[in-house]
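> attaching a predicted model along with its sequence, questions to come.
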Amino acid sequence: MDTTLRGVGVSQGVAVGEVRHMGTAVMEPPERQISESEVPREQQRAQRAVEAVANDLTARGNLAGGDAQAVLEAQAMMARDPELMADVERRVTAGSTAERGVYDAFAAYRALLANAGEYLAGRVADLDDVRNRIVARLMGVPMPGVPDSDRPFVLVARDLAPADTALLDPSLVLGFVTEEGGPTSHSAILARSLGVPAVVALAGAREVAEGTVVAVDGGSGTVRVSPSEEEQAALVREADERRAAVDAARGPGATADGHKVPLLANIGGPGDVSAATEAGAEGVGLFRTEFLFLDDSTKAPSEEKQVAVYRQVLEAFPEGRVVVRVLDAGADKPLDFLTPGDEPNPALGVRGLRTLLDHPEVLDGQLKALAKAADGLPVSLEVMAPMVADRADARAFAEACRAAGLDAKCGVMVEVPSAALRARSVLQEVEFLSLGTNDLAQYTFAADRQVGAVSRLQDPWQPALLDLVALAAEAAAAEGKSCGVCGEAAADPLLACVLTGLGVTSLSMGAASLPYVRATLAKHTLAQCERAASAARAADSAQDARIAAQAVLSGE
Ligand SMILES: C=C(OP(=O)(O)O)C(=O)O
Ligand SMILES: [Mg+2]
């Protein structure tokens, strides 16, 4: 049997370790009528399981700290809810087993929550997780969710949801392997931000037994099952050599013949700045400001708070360039006070700039806070809008920037195919473009970026996506303006060379990917990148495009 499995490598590096599976959803416990004599024992089992799960949640919260602690504490309180426990006891007295009693009592409570308004309905997933933990404990099956382990492991899952990943202890996860997901899935983004190797879209990954040693190569997308001691040593040596070569590449981003391609960081707030500067980011290419708006679902953060946060980021890049994206609410990032709750298809509805134009006070507040934050700093501030479809959108955003008195370059993200197709007209209104390849792929292929089943179409190597990138880059060059990439495509070292060959002028990515992209770019001339780009565009599939570009760049 071939013991090398192949998927899509989405985060560089090699990890060797034992497999731990992500626990799956708990089965429904069978209905069984217990005799009266069994009641006291079942009551005790239920109480003990509830108490153990609550204690475990509290202990994990203490370890995790921060936002995760608040979530886990709230879950521990759910488990300890006296009314819920009383209901379990009533059901056991009436003849249910402990697990069935817990299951049914939680189901009744769940129905109450689900009908009790938006906020409480949002807690249903947390309640389900508590129920699953208690039932798993009573049934003696593995806990759902991230495995408990005190030794580092390779996490194998169908796919990872943001809620799972928030609770991961990064010091214990050596790498990820998932059956689903694509280059823009949460698993891929999280792996890159943690800097651990990851392979996604690997069919049959969950058939590799728990405890098996695997070697995950996030560069080639392969997973070697049960490698011998010698193979393990060779793989680790190879990875160390690659890492050393990567670390040796320093300084600003450029091709082998000196064509400059500034390498910038994608950040979510001041907390990401130190990783960016340590990785040698020449500035910020995408500051996602959404996180600032998450604390309060009823209104925008105060100007004071916004100014303080923006200033912290701007001060970290005194000579550099910081591109701030104004709020991108809606679709995969809904905000209660802005996002309509009744849209049949939120990804195609009022989101991004569309939301801000409907709520001009929020846009104006953000732009004024940015102007204040940049006041007196030598930083080169640039501000861009998400989800711009045409010239009218671009004009509306540029006017809002001027009205707010902002002394910054004003640009737009190219995330909708119409903006790429008509980039020259859009550029009559603004000074730069930034390609958001995650959404651009979603809208080009009509493939929801949150749906694993269509992840094949989210592959940024798709030649149609490369064509749109080329169109936007050519339009910017013709207008003498810049066109960067800030979607996940920029984080793939080989694709970064192709994007450079297509004419993009800067690349922005999660900090962990910067050294790999810098080192790969430095190995190839601009002419090679251009040939690789032509070869990729001539292909008919993402896979063939990758192979064709690889062949050109490796001199075959
Ligand atoms: C960078 C992008 O924006 P986000 O991933 O935040 O939607 C994108 O769509 O490529
Ligand atoms: Mg986007």
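Sure, I can see it. Ligands and ions are numbered 1, 2, ... in the order given.
> gap between the residue of the stretch 451-556 of the chain found nearest ligand 2 and ligand 1?
The stretch 451-556 of the chain approaches ligand 2 most closely through Gly487 (7.1 Å), counting by C-beta to the ion. The way it works is simple: take the backbone N, C-alpha and C, and place the C-beta from them, glycine included. Noted for Gly487: a distance of 3 Å to ligand 1, by C-beta to the nearest ligand atom, to the nearest Å.
> just checking, what packs against the biggest strand by length in the chain?
If you go by DSSP state E, the chain has its longest strand at strand 14-21. Using 3 or more C-beta pairs under 8 Å, 6 or more residues apart in numbering; DSSP states H and E, the elements in contact with strand 14-21 are strand 153-157, strand 173-178, strand 213-217, helix 229-248.
> turn these into CSV, columns for mean pLDDT and distance to ligand 2.
Converted to CSV, those look like this (pLDDT from 0 to 100; distance: least, C-beta to the ion, whole Å):
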stretch, mean pLDDT, distance to ligand 2
strand 153-157, 92, 25
strand 173-178, 91, 22
strand 213-217, 94, 28
helix 229-248, 81, 28
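> just say helix, strand or coil for the residue of the stretch 201-350 of the chain found nearest ligand 2.
Closest contact between the stretch 201-350 of the chain and ligand 2, by C-beta to the ion, is at Asp328 (6.2 Å). When classified by DSSP: H, G, I helix; E, B strand; the rest coil, Asp328 comes out as coil.
> how close does it get to ligand 1?
Distance from Asp328 to ligand 1, by C-beta to the nearest ligand atom: 6 Å.
> then Ala491?
From Ala491 to ligand 1 the distance is 11 Å (C-beta to the nearest ligand atom).
> what's the answer for Glu28, then?
37 Å.
> so what's that residue closest to, chain neighbours aside?
In this structure, Glu28 finds its nearest non-sequential neighbour in Tyr103, 6.6 Å apart by C-beta to C-beta, 6 or more residues apart in numbering.
> distance from the chain centre to the strand or helix carrying the one you found, please.
Here Tyr103 sits within helix 98-114, counting by DSSP states H and E. Centroid displacement of helix 98-114 relative to its chain, using C-alpha atoms, centre = their mean, to the nearest Å, is 32 Å.
> same question for it: list its buried residues.
Ala98, Glu99, Arg100, Gly101, Val102, Tyr103, Asp104, Ala105, Phe106, Tyr109, Arg110, Leu113 (16 or more other C-beta atoms under 10 Å).
> can you put the helices and strands packed on strand 14-21 in TSV and add distance to Gly349 and mean neighbour count?
Listed next are the helices and strands packed on strand 14-21 as TSV, based on distance: least, C-beta to C-beta, whole Å; neighbours: other C-beta atoms under 10 Å:
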stretch	distance to Gly349	mean neighbour count
strand 153-157	30	25
strand 173-178	29	26
strand 213-217	38	24
helix 229-248	42	13
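> between these, which gets nearest to Ser513?
Nearest to Ser513 among the helices and strands packed on strand 14-21 is helix 229-248 (10.5 Å), distances taken as C-beta to C-beta.
> residue numbers of the stretch 301-450 of the chain in contact with ligand 1?
Counting by C-beta under 6 Å from any ligand atom, the stretch 301-450 of the chain comes close to ligand 1 at Asp328, Glu415, Gly436, Thr437, Asn438, Asp439.
> how about stretch 171-181 as PDB, C-alpha atoms only?
Coordinates of each C-alpha in stretch 171-181 appear next as PDB, following Å, rounded to 0.1, in the frame of the first residue of the first chain:
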ATOM      1  CA  SER A 171       1.900  24.900  21.600                       C
ATOM      2  CA  LEU A 172       0.300  21.500  21.300                       C
ATOM      3  CA  VAL A 173      -0.600  21.500  17.600                       C
ATOM      4  CA  LEU A 174       2.300  20.400  15.300                       C
ATOM      5  CA  GLY A 175       0.300  20.500  12.100                       C
ATOM      6  CA  PHE A 176      -3.200  20.100  10.600                       C
ATOM      7  CA  VAL A 177      -4.600  17.600   8.100                       C
ATOM      8  CA  THR A 178      -8.200  18.100   7.000                       C
ATOM      9  CA  GLU A 179     -10.400  16.200   4.600                       C
ATOM     10  CA  GLU A 180     -12.200  19.200   3.400                       C
ATOM     11  CA  GLY A 181     -11.400  22.900   3.000                       C
END
